[in-house]
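[1] Give me a model of this one.
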Amino acid sequence: MLGNLLGKLFGKGGGDAPAVAEPVEYKGCRIFAEPFADGGQYQTAGRIEKDFEDGVREHRFIRAEKHPSREEAESFSLTKARQIIDGNGDSIFRA
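    Okay, the predicted model is just below:
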């Protein structure tokens, strides 16, 4: 099941491909809402990027929440990304 979700997020598998959205800037990070279709609903998912001296680092996330529309899922994905940034800071970019 997790492999299926990851496959959908990264464009390998059924369902809608993640929409390429314009990033939202927040506390020095770029947030991309990337919900994907799953079982007739849209899964909360996204990507957070930040520039560092050694290059761009990213953190991807998928959450359990599902939404009836892509727009609702995008909005909630942005909210979750802000919470991740606020709660963890740059530690989300450590390998």
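[2] ok, so what distance separates residue 47 from residue 34?
    Separation of residue 47 from residue 34 (Cβ to Cβ, to the nearest Å): 6 Å. To be clear about C-beta, it is placed using only N, CA and C from the backbone, and glycine gets the same treatment.
[3] same thing with residue 69?
    Counting by Cβ to Cβ, the gap from residue 69 to residue 34 is 15 Å.
[4] Mind checking which of these two has more residues around it?
    residue 34 (24 against 11; other Cβ atoms under 10 Å).
[5] What does the more buried one show for phi and psi?
    Backbone torsions of residue 34, given as degrees, to the nearest 10, read phi -130, psi 60.
[6] isn't it right next to residue 48, touching?
    No - using Cβ atoms under 8 Å, residue 34 is not in contact with residue 48, being 10.6 Å away.
[7] Kindly state the beta-bridge partners for the closest residue to residue 72 other than its chain neighbours.
    The spatially closest residue to residue 72, leaving aside those adjacent along the chain, is residue 42, at 7.3 Å (Cβ to Cβ, 6 or more residues apart in numbering). Residue 42 has these beta-bridge partners by DSSP bridges: residue 37, residue 67.
[8] Now do the same for residue 42: its pLDDT.
    Looking at residue 42, its pLDDT is 98.
[9] where's it relative to residue 62, distance?
    12 Å.
[10] Neighbour count for these two, which is higher?
    Set residue 42 next to residue 62 and count neighbours by other Cβ under 10 Å: residue 42 wins out with 25 against 20.
[11] Relative to residue 63, how far out is the more buried one?
    From residue 42 to residue 63 the distance is 11 Å (Cβ to Cβ).
[12] Spit out the residues that contact those two alike.
    Here residue 42 and residue 63 have no joint contacts, going by Cβ atoms under 8 Å, 6 or more residues apart in numbering.
[13] Check which element follows the lowest-mean-pLDDT helix or strand in the chain along the chain.
    The weakest-scoring helix or strand in the chain, judged by mean pLDDT, DSSP states H and E, is helix 2-9 (a mean of 48). Stepping forward along the backbone from helix 2-9, the first helix or strand reached (DSSP states H and E) is strand 24-26.
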